[in-house]
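Novice: Return atomic coordinates for the entry below.
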Amino acid sequence: MVRLRLRKIKGQSAAELCAGLIVIVPIILVLFDLSVIVLGVQLNDSTCREAARVAALGDPTTCSTRAQAVINRANNQRSSMLSNFQLISCNSSVSGAQIAAMQPYGGPVSGTVSVTTEVDIRPFVVYMVYTGSTPLHFQSVQTYPFTYTVPNNAVLAPPPGP
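Specialist: Now for the predicted structure:
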């Protein structure tokens with residue numbers, strides 16, 4: 001009688017363990033995916049902030065090439081779940097016409113650079129359950145101030161001859 005009762009208790013424990021794992025394992029996988037999504041959004045914000053900072057360092061008419069270099073570096077460091085950083089836009093509040101109007105004498109120009117980036121995140125469980133074959137898209141917009149000095153390109157005229 002005692003042996004029969006001990007077997008039922010062991011079988012009951014195994015059944016409870018299996019039932020518990022059926023509930024706990026998906027919860028752990030979803031929490032892992034949500035952490036990947038949160039880290040991906042933070043990385044996109046950091047990449048966008050860095051791109052805006054670098055874009056504000058030089059000539060405002062060429063800000064998009066500097067921002068794209070930051071995006072290319074982020075794409076080279078990507079993982080399989082977090083990939084495809086894209087530069088959506090890089091806009092300067094100072095136009096090329098304003099800089100051209102300061103030629104040939106130059107001078108300081110102040111403004112802002114606004115950068116928009118997007119990242120595609122492909123988590124494991126959330127990706128399969130909710131989105132099907134499309135990745136999750138997250139955008140970030142950062143604005144950074146700058147002051148640029150337009151170079152003086154004026155040429156001195158030779159002094160009048162005697």
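Novice: Residue 119 reaches residue 85, doesn't it?
Specialist: Yes. In this structure, residue 119 is within contact of residue 85 by CB atoms under 8 Å, at 5.2 Å. No exception for glycine: its C-beta is placed from N, CA and C like everyone else's.
Novice: which residues are in contact with stretch 17-27?
Specialist: residue 125 (CB atoms under 8 Å, 6 or more residues apart in numbering).
Novice: what about that stretch, average pLDDT?
Specialist: Mean pLDDT, computed over stretch 17-27, is 88.
Novice: Show me the strands in the chain, by range?
Specialist: Along the chain, counting by DSSP state E, strands occupy 82-92, 107-121, 136-150.
Novice: I'd like the ones you listed written out as JSON lines, with mean pLDDT, distance to residue 27 and mean neighbour count added.
Specialist: As requested, those are arranged in JSON lines below (pLDDT from 0 to 100; distance: least, CB to CB, whole Å; neighbours: other CB atoms under 10 Å):
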{"stretch": "strand 82-92", "mean pLDDT": "87", "distance to residue 27": "22", "mean neighbour count": "18"}
{"stretch": "strand 107-121", "mean pLDDT": "92", "distance to residue 27": "20", "mean neighbour count": "19"}
{"stretch": "strand 136-150", "mean pLDDT": "92", "distance to residue 27": "20", "mean neighbour count": "16"}
